[in-house]
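Student: Could you work out the structure for the sequence below:
(2 chains)
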There are 2 protein chains.
Amino acid sequence: MTASPHNGRRQPADQVTMRRNNLALVLRHLRDAGPRSRARISVETGLNRGTVSSLVAELIDRGLVRDGDVQRGGSVGRPGQTVELDGRGIGGIGVEINVDYVTALVLDLADTVVFDQRVALDVPALPPAAVLDAVTDLTVRALAECSRHGITPVGLTLAIPALVDADAGVVAFAPNLHWTKVSVVAGLVGRLTARLGPPAFPVQVDNDANLAALGEYAMGGEAGTPDLVYLTGETGVGGGVMVDGRLLRGAEGFSGEIGHMPLNPGGNLCGCGRRGCWETMVGLAALLRLAATPDDPVCDPSLDLEQRLDTIRARARARDARTLDALHLVGTALGLGASILINVFNPRVLVLGGYFANLAEFLLDPMLGEMRGRVIAPDAGACQVVASTLGFAAASRGGAHVALEAVLDDPTIAAARHMA
Amino acid sequence: MTASPHNGRRQPADQVTMRRNNLALVLRHLRDAGPRSRARISVETGLNRGTVSSLVAELIDRGLVRDGDVQRGGSVGRPGQTVELDGRGIGGIGVEINVDYVTALVLDLADTVVFDQRVALDVPALPPAAVLDAVTDLTVRALAECSRHGITPVGLTLAIPALVDADAGVVAFAPNLHWTKVSVVAGLVGRLTARLGPPAFPVQVDNDANLAALGEYAMGGEAGTPDLVYLTGETGVGGGVMVDGRLLRGAEGFSGEIGHMPLNPGGNLCGCGRRGCWETMVGLAALLRLAATPDDPVCDPSLDLEQRLDTIRARARARDARTLDALHLVGTALGLGASILINVFNPRVLVLGGYFANLAEFLLDPMLGEMRGRVIAPDAGACQVVASTLGFAAASRGGAHVALEAVLDDPTIAAARHMA
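Tutor: The predicted structure follows:
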């Protein structure tokens, strides 16, 4: 017997929960459906007029919603004052640690990027403590920018190319960073506390490809596509997969490890210690090895990655043979591995992230050629391949977005101003 | 403006829908939670006592529920008459067409198998019409058995190793059967109509691995595991994947095509026309090629498949070197491909179906050895590998189960008897 004989009686806690749920309902409705009158919100949500007025007043007090234009005419009801999402005072922070760089990004609730900085860093060559110091510097700068704009941060998500134990806040294993069991959340919170006092917002960590997939799903060029595969194109190659509008996480949160498909027996040594993994064929290191000599500036990890990629693109546009050959080989291998993912997931869209997006104009043709020969379903199962519009910021955008979701789930975490 | 200003008024159609939903709610609750009193159903579902009594009376009249024992004592309420799932009079039919055989199976609503016949058939050597004739014979036998037991069939699902257009009832492409664009649903319904008159139940078609995964999830040894990968071990190797308790279908229903991962460049020719696909390394044909000469009776598709596998198992137990070498090679290649799926999905359990289950005692050790070296997450991401307890019947069981789900969604499709 699991149900209580008293479960018909509402406890005060239930009223608090119901109020919170209704605040969230109205806030999400305004975000998804756009500005509208209280009357219309009432009709569309099924909440009565008085309740909607009270909920909107509280959302305005918490800085999440503001009065908008007066709506004229329309098919239903009298013209009235509209309300709309505000959220310029609420920020989510996304921080990324990758092989060649660290990034911090602040997104407000209206999806405006208010801060975005990337610093080139040779992460595998540094101890984790030094990397966390660099990330802390960047985060302190992001928080200062929040403060300058009157933005209250409501959460920080750290994106990292790793198997992550999200509950413990620990990187279990990051082959390309050479990290094993690093307590990144405690490390970052400790450093922030030493600099600024304990952060008033939650800090969490997640896999970079998962966060990038969530970022693409929320605000990328193919936003809202329920069956979507995202490929990170960095030193490592990871996958983030949306299945029917939900992130594939797996039983222990370790899904999407697609970089280590053994496609080339006897091939090059991988960061994971095995040979012939897909990422040894299509990761950034593979492209650089094929396209340039080690002393070529495009191989220098202390230089900005996008500038290095601009150089490669310029060489390809100038028809440099070595560069074109390298891109053809990488594109073909990209199609080989992608065909496995398309056969397995039958996604509507496959999004090329990271450096794949920068060089898509040269990678797509050989990739699609290989895919056409490999995917079992006719017409590649109707899968479109597109370059990410978010670029290297996809994971930090996704992280900031996830941090903001907390407010949409529970608007009461945004402090009330008790105005008027 | 999508909401209607009149959406507060209930139409009579809504009352019919609500009654049907409540019948379904009570029926599913009895199936999932077991026999219990009307009073307890009322407490647990939140429906009032009078409504529950009326719903139970209708479910009894439709032969889906029956009065059970008198419940004594217990912690809540007075002893009372229990009601329980009946459903012995309701049958779902699962029919499978595979490379070496066709099968028909009838499952009643209490998950009892009341009919299960498999016929060895060299399907790729026959025209589709001849195969549909054989399937029709088997289905007519299954229906006669239903009639003998007083079972009303409520649906038939055809399982087939193919890319399936389920809406159109068409096999789009079945490489190992050499079928392209075969209207299997119309073909079967037409033949049944000619023999028995038009069937009074819906007929549908789905991919065999998807149905087997649903069968395992519903009634296999690891039933209820939300993150589960099922491998068909037949001539073809397919995958059915449960993600968070839901079947992965993909954007066009073409997911799970795992047999054609290109793991052996320059390897053997596959049924799909490519070289080195995973199924050329681990499919039944690969095992037979490695373990026996073509004139060996274990290679004869006109003999019963389980008997052929019994022979191979007996040779392995007798330490026959060629048989053991073949099983070691196949097991290792099974681990190679499985590691990709485990890296991608991080499932809680991987179920070995078809012939993999029959020979699991010899395949598991080399498979797990290879997996341990290949899966990135520690301890293979906590994934267990198990042999299916449903064997070659998994897909037909899943098909029958899917057919029965129609009654659980809408109990009114079971005819009322209008008794007392």
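Student: in stretch A:282-302, what's buried?
Tutor: A:282-288, A:290-292, A:298-299, A:301 (16 or more other C-beta atoms under 10 Å in any protein chain shown). Backbone N, C-alpha and C define where each C-beta goes, glycine included.
Student: no, scratch that, I was asking about stretch A:158-170
Tutor: Here stretch A:158-170 shows A:158-165, A:169-170 as buried, counting by 16+ other C-beta under 10 Å.
Student: The longest helix along chain A close to chain B?
Tutor: Identified as the longest helix of chain A according to DSSP state H is helix A:321-345. Yes. Legend: contact between helix A:321-345 and chain B by C-beta under 8 Å from any C-beta of the partner chain is shown at A:336, A:339-341, A:343-345.
Student: now that helix and helix B:321-345, what's the angle there?
Tutor: Helix A:321-345 and helix B:321-345 are oriented at 100 degrees to each other (axes from the mean of the first three to the mean of the last three C-alpha atoms, to 10 degrees).
Student: In a helix, A:Phe356, correct?
Tutor: Yes. Under DSSP: H, G, I helix; E, B strand; the rest coil, A:Phe356 sits within a helix.
Student: And the helices in the stretch 51-200 of chain A?
Tutor: Secondary structure of the stretch 51-200 of chain A by DSSP state H, counting those that start in this stretch: the helices cover A:128-148, A:184-196.
Student: distance of the spatially most central residue of chain A from B:Asp165?
Tutor: Taking C-alpha atoms, centre = their mean as the criterion, A:Gly398 is the residue nearest the geometric centre of chain A, at 2.0 Å. A:Gly398 sits 34 Å away from B:Asp165, going by C-beta to C-beta, to the nearest Å.
Student: got it, and A:His178?
Tutor: Distance from A:His178 to B:Asp165, by C-beta to C-beta: 48 Å.
Student: again, but for A:Gly91
Tutor: Counting by C-beta to C-beta, the gap from A:Gly91 to B:Asp165 is 47 Å.
Student: Show me which residues of the stretch 201-350 of chain A sit near chain B.
Tutor: A:226-227, A:239, A:241, A:243-244, A:246, A:248-258, A:260-265, A:272, A:274, A:336, A:339-341, A:343-348.
Student: so which of the residues of helix A:321-345 next to chain B comes closest to chain B?
Tutor: A:Asn343 (3.9 Å; C-beta to the nearest C-beta).
Student: Which residues are in contact with A:Thr139?
Tutor: A:93, A:95, A:104, A:156, A:188, A:192 (C-beta atoms under 8 Å, 6 or more residues apart in numbering or on different chains).
Student: partners of A:Glu96 in the sheet?
Tutor: A:Thr103, A:Ala159 (DSSP bridges).
Student: where exactly do the strands run in the stretch 51-200 of chain A?
Tutor: A:65-71, A:80-85, A:90-97, A:101-108, A:113-120, A:152-160, A:163-165, A:170-174, A:179-182 (DSSP state E, counting those that start in this stretch).
Student: Can you add mean pLDDT and give these back as a markdown table?
Tutor: Output for the strands of the stretch 51-200 of chain A, formatted as a markdown table (pLDDT from 0 to 100):
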| stretch | mean pLDDT |
| --- | --- |
| strand A:65-71 | 84 |
| strand A:80-85 | 89 |
| strand A:90-97 | 96 |
| strand A:101-108 | 96 |
| strand A:113-120 | 94 |
| strand A:152-160 | 95 |
| strand A:163-165 | 93 |
| strand A:170-174 | 94 |
| strand A:179-182 | 96 |
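Student: Quick one, which of those strands gets closest to A:Arg308.
Tutor: strand A:113-120 (9.4 Å; C-beta to C-beta).
Student: quick one, the closest one and strand A:101-108 angle?
Tutor: 180 degrees.
Student: Show me what strand A:113-120 is packed up against.
Tutor: strand A:101-108, helix A:128-148 (3 or more C-beta pairs under 8 Å, 6 or more residues apart in numbering or on different chains; DSSP states H and E).
Student: What is the burial count for the one residue in the stretch 101-250 of chain A that gets nearest to chain B?
Tutor: Nearest residue of the stretch 101-250 of chain A to chain B, counting by C-beta to the nearest C-beta: A:Gly250, 2.6 Å away. As a burial measure, A:Gly250 scores 24 neighbours (other C-beta atoms under 10 Å in any protein chain shown).
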